[in-house]
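# with the input below, show me the fold.
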Amino acid sequence: MDRNSIKNILKFLSLVGIIVIAFFTLPLITGIIYKEDITYFALYLFISFLIFISILIYLKNYRMKMKIKEAILSVNLVWFMIGSLGAIPLMIGTHINFINGFFEAISGFTTTGATIYSDIDHLPKYILMLRSTMHWIGGMGIIVLGVGLLSFINPTGSLTLFQAESTGINVEKITPKLKHTALKLWEFYIFLTLIDMILLKLEGMSFFDAINHAFATISTGGFSTKSASLGYWDNNYLIIWTTTIFMFLSGMNFLAHIKLFNKDFSGYKSEEVMWYTIIFFGLATALSIIHFFTSQDSFFYSLTHSFFTISSILTTTGFATLDYSLWGQAAIAIIFLAMLIGGNTGSTAGGIKTIRFVVMFKNLTHQIKKILHPNIVCSIKIDNNKLSCDTVINVSAFIFLYILTNAIISLYLFANGYDAMTSLSATIACVGNIGPGFGQVGPADNFAFFTDTQKFILAIGMIIGRLEFFTVLILLSREFWKKF
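Next up is the predicted model:
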């Protein structure tokens, strides 16, 4: 690695570091308002700011020219850096060790929502705001925000970073300039957050709870200010349905929402959004019927909490109103399927993503047709656009890596004495950026009982899932490090 590569990476990491520290002033202000002891937290932010700003000043005359290998390495390093940045104030404020702090911070930034805390109600307010803030800036992607600012400096380098961090089959640009795309995404992200926050406040939440839950909802994160999660308001149907709707919207491709502002409805007519909607209503309706006939609750109660649960799990938010692990095997099977599918590409949701299931289903039918009719010419199309063979192979490889990664980590946990349900669901919950699972990591439980090594491995799983495998696993390739 030459000196210019190091400068490129350092400058970008410092830029992202400054952005994160700037957002961390929100929990700092929260601590001041609630008169909490934030002396060490404030000192930590000040020292961190000095370090990052010093690097940027030192490199102020250096013009970044980011190459693809540098971009890939930078994206990976960013997530480890921000995990450490978030871990330290958690260590300071709640007296936990670094691994616990790193797990919680990575869970926050990757919008996973898995937690090591049991008594969340009694955590300091600024820590609660810190957790939600990590969700919110991680949801849209710290890289996207960094790219929006970096593009003012070096458009070519920012595009390379955007391609390295962006997930999904393809990246659709809705404006000619990348910085405008990033800024439009953030404008809508802020708009959706504000609307959700206002509605939650009007419906009965305190202002503090409304801010935190809006942050965690729009980012599809799942951290709550209550140990009972949204179950704290389980009898307030307005809050439950509002959160259900906003989780559903946040799991949808954001570019479809943005197009709507230009009176363009084409985004909502895409196959991915159509199948996402069909899957959501199909699974939610099935779960409602199962819950109604296996419980003593009213149909509307079953409908409300079933739709909420599917919206939460399908979008990989991870909020809970009830302990759905007690609803029976049929209900667990439906929820487990929702965990695997996930939301749309171009959203804040995790999981395998709807579009990949659509592509694989079409590929499966194509292969069956070829067996029956060997000479048939059949192409796979999405929204009337023919997919290249490389794209189909990429989707197949992704799903293979998804299964392989979950299998390896699950077997590791199983070999260390955990039951199969806990091992598998904890892994899928972390790699899929979902949060809660089943067994010992159900919606009423937490991840504190895992050893430090196991928590670190699960945190790595969160990063791998957030970056969708290839960006992380390419670092293991010898070819990547040649002529760096």
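# please save the CA atoms from stretch 363-374 in CSV.
Coordinates of each C-alpha in stretch 363-374 appear next as CSV, following Å, rounded to 0.1, in the frame of the first residue of the first chain:
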residue,chain,number,x,y,z
ASN,A,363,-34.4,-18.5,-12.6
LEU,A,364,-35.9,-21.7,-11.2
THR,A,365,-38.9,-21.6,-13.6
HIS,A,366,-36.5,-20.9,-16.4
GLN,A,367,-34.4,-23.9,-15.6
ILE,A,368,-37.5,-26.1,-15.3
LYS,A,369,-38.6,-25.0,-18.8
LYS,A,370,-35.1,-25.7,-20.2
ILE,A,371,-35.4,-29.3,-18.9
LEU,A,372,-38.7,-29.8,-20.6
HIS,A,373,-37.8,-27.8,-23.7
PRO,A,374,-34.0,-27.9,-24.2
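# the residue nearest to Pro443 when sequence neighbours are not counted and Thr94: what is the separation?
Spatially, and ignoring its direct neighbours in sequence, Pro443 is nearest to Ala320 (3.5 Å; CB to CB, 6 or more residues apart in numbering). All C-beta spots, glycine's among them, are computed from the backbone N, C-alpha and C. Computed as CB to CB, to the nearest Å, the Ala320 to Thr94 distance reads 22 Å.
# who's more crowded, these two?
Under the criterion of other CB atoms under 10 Å, the comparison of Ala320 against Thr94 puts Ala320 first, with 26 against 15.
# name all residues that make contact with that one.
Residues in contact with Ala320 (CB atoms under 8 Å, 6 or more residues apart in numbering) are 229-231, 309, 312, 436, 443-444.
# so it lies in a strand, does it not?
No. Applying DSSP: H, G, I helix; E, B strand; the rest coil, one finds Ala320 to be coil, outside a strand.
# residue ranges with poor pLDDT in the stretch 101-250 of the chain?
Residues of the stretch 101-250 of the chain meeting the criterion pLDDT under 70: 142-179.
# ignore the last one, the stretch 251-400 of the chain
Scanning the stretch 251-400 of the chain for pLDDT under 70 picks out 378.
# what about the strands in it?
All strands of the stretch 251-400 of the chain, identified by DSSP state E, counting those that start in this stretch, fall at 381-382, 385-386.
# Ala407 sits in which helix or strand?
Using DSSP states H and E, Ala407 sits in helix 389-415.
# that helix - contacts with which helices or strands?
helix 354-372, helix 420-431, helix 452-466, helix 470-473 (3 or more CB pairs under 8 Å, 6 or more residues apart in numbering; DSSP states H and E).
# which one of those is the most hemmed in?
Highest mean neighbour count among the helices and strands packed on helix 389-415 (mean count of other CB atoms under 10 Å): helix 420-431, with a mean of 24.
# what mean pLDDT does it have?
Mean per-residue pLDDT for helix 420-431: 97.
# what inclination does it have with respect to helix 452-466?
Taking axes from the mean of the first three to the mean of the last three CA atoms, to 10 degrees, one finds that helix 420-431 is oriented at 50 degrees with respect to helix 452-466.
# who are the packing partners of helix 420-431?
Judged by 3+ CB pairs under 8 Å, 6+ apart, the packing partners of helix 420-431 are helix 329-341, helix 389-415, helix 452-466.
# just checking, Ala331 touches Leu287?
Yes. Assessed by CB atoms under 8 Å, Ala331 is found in contact with Leu287 at 5.9 Å.
# tell me which of the two has more neighbours.
Higher neighbour count among Ala331 and Leu287: Leu287, with 26 against 20, using other CB under 10 Å.
# enumerate every residue touching the spatially closest residue to the more buried one that is not a sequence neighbour.
Sequence neighbours aside, Ser306 is the residue nearest to Leu287 in space, at 4.1 Å (criterion: CB to CB, 6+ apart). Ser306 sits next to 284, 287-288, 290-291 when contact means CB under 8 Å, 6+ apart.
# do Lys381 as well
362, 387.
# identify the bridge partners of it.
Lys386 (DSSP bridges).
# look at Pro436 and tell me its secondary structure.
coil.
# which non-adjacent residue is nearest it?
In this structure, Pro436 finds its nearest non-sequential neighbour in Pro443, 4.3 Å apart by CB to CB, 6+ apart.
# the one you found: neighbouring residues, count only.
Residues within reach of Pro443, counting by other CB under 10 Å, total 25.
# tell me the pLDDT at it?
As predicted, Pro443 sits at a pLDDT of 94.
# next, it: phi, psi?
phi -60, psi -20 (degrees, to the nearest 10).
# how about Ser118?
Main-chain dihedrals, Ser118, degrees, to the nearest 10: phi -100, psi -40.
# contacts only, for it.
227, 446, 448.
# could you check how far the residue nearest to Pro443 is from Thr243?
For Ala320, the distance to Thr243 equals 11 Å [CB to CB].
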